[in-house]
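Novice: Pasting the sequence and the predicted model now:
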Amino acid sequence: MNTNHRRTGLRLAAVLATLTVGAAGQLAVAGPAAAVSGLIRTTHVATATDSQSPKFRAAECPNGMRVIGGGARVSGPAANSIRLSALQPVSGPGQTDRYEVWADEPPGGISGNWALEGYAICAPAASVPGYTIVAQGSGYSSAATRSTAAGCSGSQRVIGSGASIAGGGFGNVGLQMSRASGPLDIARAAAAEAGAYSGNWQVTAYAICADPVGAQAEGTVRTGVASASYSCASSTEQVHSVGGATGPGAAGQTFLSSLYPDAGLTSVRLSLTGVPTDGLAIQAVCA
């Protein structure tokens, strides 16, 4: 195994170990009683199914609502070759809250066609007091892998997360992690180069923060597969945000290809570009 791949695999194994609770491998962190109410999922319809790269979607929230999560779905014959490069919540004065997603073909392109669809999870502004988005970049370098974390301040908690790559264009770098962590006070992000790449790049983590509202992180670790789904433990809960993590496989690095909530906000779907040796982690922030 390549040394960089081995080190990345060991780091991923450590990450998954810290997340795992119980014999079934379920990920869970307890939270307060109250939940965010009035959640909806909005969609930016899929791009054309072709071989153009990169592709971009921005799912918008209605006026008076805040973006607290979102995701991206890649479809088409070449879907399992495409790597996500951005899962980014955007909110600020004078603009519509939205969740922006980008995806790329691998270096050199591919012959197959694919499409990208984007989603936003939106909540009424009154349901998320203290709402803010905190971003933390890793800094630029030409390292084979980079990771970072963004945290909420004071008593605030993470109710959603995101990750994006700057630099590393044309699919040379892909996302490997975007998820909440700890007692829901940190959002983590990680990315890796697809192969030898001399350019500088960085990964940024986004923590969507609010006063404690009762969301909890839960999920599972799966081995031997390139895709998985996870439903909130209770049928009365809704998905507030999605998360996933991967690492190297037998043929090299694997990347996040699709990561999104279903239409009813009851489950999360994750697809990768390959099967990771140490397993994949899929996460939902539920309440």
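Specialist: Ah, there it is. No experiment lies behind these values; they were computed from the predicted model shown. Numbering: from 1, shown residues only.

Novice: Check the spacing between the residue minimising distance to the centre of the chain and Gln136 real quick.
Specialist: Geometric centre of the chain, nearest residue: Ser178, 3.6 Å, by Cα atoms, centre = their mean. Here the distance between Ser178 and Gln136 works out to 13 Å (Cβ to Cβ, to the nearest Å). For every residue, glycine as well, the C-beta is placed using N, CA and C.

Novice: What segments of the stretch 1-150 of the chain are strands?
Specialist: Here the stretch 1-150 of the chain has its strands, by DSSP state E, counting those that start in this stretch, at 26-28, 40-44, 55-60, 65-75, 83-90, 98-104, 115-124, 132-137, 145-151.

Novice: now for the last one, which elements pack on it?
Specialist: In other words, strand 145-151. Counting contacts by 3 or more Cβ pairs under 8 Å, 6 or more residues apart in numbering; DSSP states H and E, strand 145-151 packs against helix 3-19, strand 132-137, strand 173-181, strand 186-193, strand 201-210.

Novice: Tell me how far the last one lies from the chain's centre.
Specialist: This points to strand 201-210. Relative to the centre of its chain, strand 201-210 is centred 10 Å away, using Cα atoms, centre = their mean, to the nearest Å.

Novice: If I take that strand and strand 65-75, what angle do their directions form?
Specialist: Using axes from the mean of the first three to the mean of the last three Cα atoms, to 10 degrees, the inter-axis angle of strand 201-210 relative to strand 65-75 is 140 degrees.

Novice: how about a markdown table for the strands of the stretch 1-150 of the chain, with mean pLDDT added?
Specialist: A markdown table is the format used below for these (pLDDT from 0 to 100):
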| stretch | mean pLDDT |
| --- | --- |
| strand 26-28 | 43 |
| strand 40-44 | 98 |
| strand 55-60 | 98 |
| strand 65-75 | 98 |
| strand 83-90 | 98 |
| strand 98-104 | 98 |
| strand 115-124 | 98 |
| strand 132-137 | 98 |
| strand 145-151 | 97 |
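
Novice: May I see the ones you listed organised as CSV, with distance to Ser241 and mean neighbour count added?
Specialist: As requested, these are exported to CSV (distance: least, Cβ to Cβ, whole Å; neighbours: other Cβ atoms under 10 Å):
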stretch, distance to Ser241, mean neighbour count
strand 26-28, 13, 19
strand 40-44, 12, 18
strand 55-60, 14, 20
strand 65-75, 3, 28
strand 83-90, 9, 26
strand 98-104, 10, 26
strand 115-124, 7, 25
strand 132-137, 12, 17
strand 145-151, 13, 20
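
Novice: for those, which one sits closest to Ala281?
Specialist: Nearest to Ala281, of all the strands of the stretch 1-150 of the chain, is strand 26-28, at 7.1 Å by Cβ to Cβ.

Novice: now the end-to-end length of stretch 228-244.
Specialist: Using Cα to Cα, to the nearest Å, one end of stretch 228-244 lies 10 Å from the other.

Novice: In that stretch, which residues are buried?
Specialist: By neighbour count on 16 or more other Cβ atoms under 10 Å, the buried set for stretch 228-244 is Ala228, Tyr230, Ser231, Cys232, Glu237, Gln238, Val239, His240, Ser241, Val242, Gly243, Gly244.

Novice: what about that stretch, distance to the chain center?
Specialist: Worked out by Cα atoms, centre = their mean, stretch 228-244 lies 13 Å from the chain centre.

Novice: any idea of the mean pLDDT for that stretch?
Specialist: Stretch 228-244 carries an average pLDDT of 95.

Novice: The buried residues of stretch 228-244 in strands, which ones?
Specialist: Per DSSP state E, strands hold the following members of these: Ala228, Tyr230, Ser231, Val239, His240, Ser241, Val242, Gly243, Gly244.
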